[in-house]
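Student: predicted model follows, preceded by the sequence.
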Amino acid sequence: MMTRSATFRRALAALAVLLLAAAPARAQFVDGVRAETGVDRVNAQLGLSGSGAIVAVLDRGLDYEHPAFRNPDGTTRLLYLFDTLDNTGAHDADNPTGFGTVYTRAEINAALAAGTRLNTRDAVGHGTVSMGIAAGRGVDGTEQYVGMAPGADLIAVKLITDGAPAHDGEPAEAQVASYGTRLFPAIDFVIAAAEAAGKPVVMLANFGSIQGPMDGTSTDARGIDQRFGSGHPGRVFITGSSDDGGVANHAGGTVAQGETAEVKLRKGYGGALRLDLWYPDTDRFTVEIVAPNGTVYGPYAPPTNTRQTSAAPSGGGFTYYHNGSAVDFFGATSATREILIDFNSATTGVYTLRLTGTTVANGRFDAALNPSNIFSAPNNGFETYVDAGHTVWDLASARGNLPMNSYVLKPTWTDVDGNTHTYPGNSVGTGRLWPGSGVGPTYDGRLGIAVSAPGQANIGAYAPRSYFASFRQNLVVDGPAPYGVLGFVSGAAPVVTGIAALLLDADPTLDAAGLRDALEQTARADAFTGAVPNPQWGYGKVDAFAAAQRVLAGTPAEAGPEGARVSLAASPNPARGAATVTLTLDAPQRATVGVFDVLGRRVALLHDGPLGAGTHALRLDAARLPAGVYVVRASVSAESLTRTVTVVR
């Protein structure tokens, strides 16, 4: 898999910042993300900190020594740290995957107590700051730079790395840009760990860029849907949309029978460039490639059947594949053909892809460039058939995923030396969508975005030995436990991840569909979002407080085909000995009312059958249940309502 890692490393080398001015003194450390999203109110008024949930971050590693991820007594908040890139412990008893190395809470605590270091690190720094924004404890136990869910248990998975040069006495780390076959064993490891801990889990995969079918039908997207979504209580999966918006990296259009579309693209620099184009299996396109010097390669005939792959002979400075719908590189089940071209020559300039409609029933095509070299010059980009949007990366297009993107909250930050900086694209101003945000629709026409979150110059824990921390421009709190900035969609994704943990704390039986609905139905619209939902903002700006209130109150069902509306309540709450569950129906309906534990197991059935219109009091015998949080779920027709009940002794 190609990612934007090369671009990312160049951005790191350039610090990905623009120096604006030198301030005479250090500014106050103010981070408004928690207030902007309503998380402060969730903590203060609703008493939710994520303590009933697990935050799992799949990223470039984690600095487990950082105080943000330790309890006040110095012990770790981590249940596990799984380094999939170090096979030293591949066959250890605590590692069911057969690759990587698993560190348990006991092993991490032993290393912390002894002052020794485990053989794992976050050389880049991205994973540490992601976890810090999602669930960090803040600076020295204060309220500065507290993450969204500071009470959550943690699991860290080192799945990829962008690579880091040697710096400050630290050795270099080689790039591993592809997660290959390690992704789903790692996800299954986290699911099993959460089940063993008896807590719901939200996972963040904080990486990825556009290519693939981007329609929810790839092998990876279907793997997400098999594990998350409706029917999988207590599991949520989140990725950002991508950092590939705002540039001409998507081309789309229609080729008519017997006509030729000339898709022109500019290769701006000498690195590798991939074009990935998809079109319906009902069509047949003959292909020619015109190099910048005018040399024409082809024509290349399309595959004759779904299981055939056509390839070009070597020598043109590119690698060309034209795949039938059954043998595309992403395992898509959407009956689409794939043209994949890797331009691996150092030659720059304008290439032309000629698509001739040999047999056309539909004619639509969608193509992406990777990397798009965002906010850098010279850029890669299409020059014809440019079609805005369609920049939701393939894994984010899974139906069981919660895709989000980033808007600007703080255009600038002040570093430890009093200098002011900004990220590219922040010049659009506070409240506006960051122009690099990947946006919808997906290739199959779905919205593509659930909600948007503030993501520019968010602040979280920095790994002191990381490449990120080697640049003082990035730091807002220096010293042995530094804090610094993270922007782009990578900065927004941990915000939504932490908010998801708060909602799971409120209702541990929420599935991904229910949690997504709570966020979408309570998101804020304003003058910047315009009418929502739309493919740029999804349902609007995330509002954690409104979403948590909705989850805690239970969601009133919409009017059904017979005009029925329902409501659900429980009292007393907390409950000792017994509680009364009240179900109100505006019309006769069949209803099932059950009580579930945090693993989604039903522990009591209060009613299953028809009920008349009116209010019905159902008795919950809480005396026989262990102390803890339970969820009362009422299913009425096709609707489902929930209410949490705490049983105390």
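Tutor: Nice, thanks for sending it over.

Student: quick one: contacts for the spatially most central residue of the chain?
Tutor: Closest to where the C-alpha atoms of the chain average out (Cα atoms, centre = their mean) is T239, at 1.2 Å. Contact analysis of T239 by Cβ atoms under 8 Å, 6 or more residues apart in numbering lists 204-208, 393, 395-396, 401, 403, 493. Glycine gets a C-beta too; all of them are placed from N, C-alpha and C.

Student: for it, pull up the helix or strand it's in.
Tutor: Element membership for T239, per DSSP states H and E: strand 235-240.

Student: mean confidence score for that strand?
Tutor: Averaging pLDDT along strand 235-240 gives 97.

Student: what's next to the helix or strand that comes right after that strand, contact-wise?
Tutor: Downstream of strand 235-240, the next assigned helix or strand under DSSP H and E is strand 250-254. With contact meaning Cβ under 8 Å, 6+ apart, strand 250-254 is reached by 210, 261, 263, 265, 277, 363-369, 382, 384-391.

Student: how about the nearest residue to F545, chain neighbours excluded?
Tutor: Among residues not flanking F545 along the chain, G38 sits closest, at 3.3 Å (Cβ to Cβ, 6 or more residues apart in numbering).

Student: list the contacts for the one you found?
Tutor: Here G38 is in contact with 543-546 (Cβ under 8 Å, 6+ apart).

Student: dump the residues you listed to a markdown table, plus distance to A172, neighbour count and secondary structure.
Tutor: Shown next, in a markdown table, are these (distance: Cβ to Cβ, whole Å; neighbours: other Cβ atoms under 10 Å; DSSP: H, G, I helix; E, B strand; the rest coil):
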| residue | distance to A172 | neighbour count | secondary structure |
| --- | --- | --- | --- |
| D543 | 43 | 23 | coil |
| A544 | 40 | 31 | helix |
| F545 | 45 | 21 | helix |
| A546 | 46 | 18 | helix |
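
Student: farthest-apart pair in these, please.
Tutor: A544 and A546 (7.6 Å; Cβ to Cβ).

Student: give me the pLDDT for F29.
Tutor: Value for F29, per-residue pLDDT: 37.

Student: check S5 too.
Tutor: 42.

Student: ditto for R565
Tutor: R565 is given a pLDDT of 50.

Student: quick check: next helix or strand after the helix-or-strand element of the chain with minimal mean pLDDT?
Tutor: Using mean pLDDT, DSSP states H and E, strand 18-22 stands out as the lowest-scoring helix or strand of the chain, at a mean of 32. With elements assigned by DSSP H and E, the helix or strand that comes after strand 18-22 is helix 33-37.

Student: could you pull out the helices in the stretch 401-550 of the chain for me?
Tutor: In the stretch 401-550 of the chain, the helices defined using DSSP state H, counting those that start in this stretch lie at 488-506, 512-522, 544-553.

Student: which among the contacts of strand 250-254 end up buried?
Tutor: 210, 261, 263, 265, 277, 363, 365-369, 382, 385-386, 389-391 (16 or more other Cβ atoms under 10 Å).

Student: in its sheet, what does the strand holding T239 sit against?
Tutor: strand 201-205 (parallel), strand 401-407 (parallel) (DSSP bridges).

Student: so how far is V595 from L605?
Tutor: Taking Cβ to Cβ, to the nearest Å as the measure, L605 falls 8 Å from V595.

Student: scratch that, E36
Tutor: E36 is 36 Å from V595, by Cβ to Cβ.

Student: of those two, give the one with the bigger neighbour count.
Tutor: V595 (24 against 21; other Cβ atoms under 10 Å).

Student: so what's the more buried one bridging to?
Tutor: Assigned bridge partners for V595, using DSSP bridges, are A604, V632.

Student: can we start the residue count at 10 from this point?
Tutor: Fine by me, first position is 10 from now on; the one you just mentioned is V604.

Student: let me see the contact set for it.
Tutor: Contacts of V604 by Cβ under 8 Å, 6+ apart are 611-615, 629, 634, 639-642, 654.

Student: drop anything exposed from these.
Tutor: Buried, going by 16+ other Cβ under 10 Å: 613, 615, 629, 634, 639-642, 654, out of these.

Student: export these to TSV and append columns for distance to A175 and pLDDT.
Tutor: Converted to TSV, the buried ones among the contacts of V604 look like this (distance: Cβ to Cβ, whole Å; pLDDT from 0 to 100):
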residue	distance to A175	pLDDT
A613	60	90
L615	63	92
L629	62	90
L634	57	87
Y639	53	80
V640	51	79
V641	57	84
R642	55	83
V654	56	77
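
Student: let me know the closest of those residues to Q317.
Tutor: R642 (49.8 Å).

Student: where does A579 sit: helix, strand or coil?
Tutor: strand (DSSP: H, G, I helix; E, B strand; the rest coil).

Student: wait, doesn't it sit right on T589?
Tutor: Yes - at 7.0 Å, A579 counts as touching T589 under the criterion of Cβ atoms under 8 Å.

Student: neighbour count winner among the two?
Tutor: Ranked by neighbour count (other Cβ under 10 Å), A579 and T589 place A579 first, with 21 against 14.

Student: report pLDDT for the closest residue to P412 other than its chain neighbours.
Tutor: Of all residues beyond its chain neighbours, the one nearest P412 is A405 (4.2 Å), with distances taken as Cβ to Cβ, 6+ apart. The model reports A405 with a pLDDT of 96.
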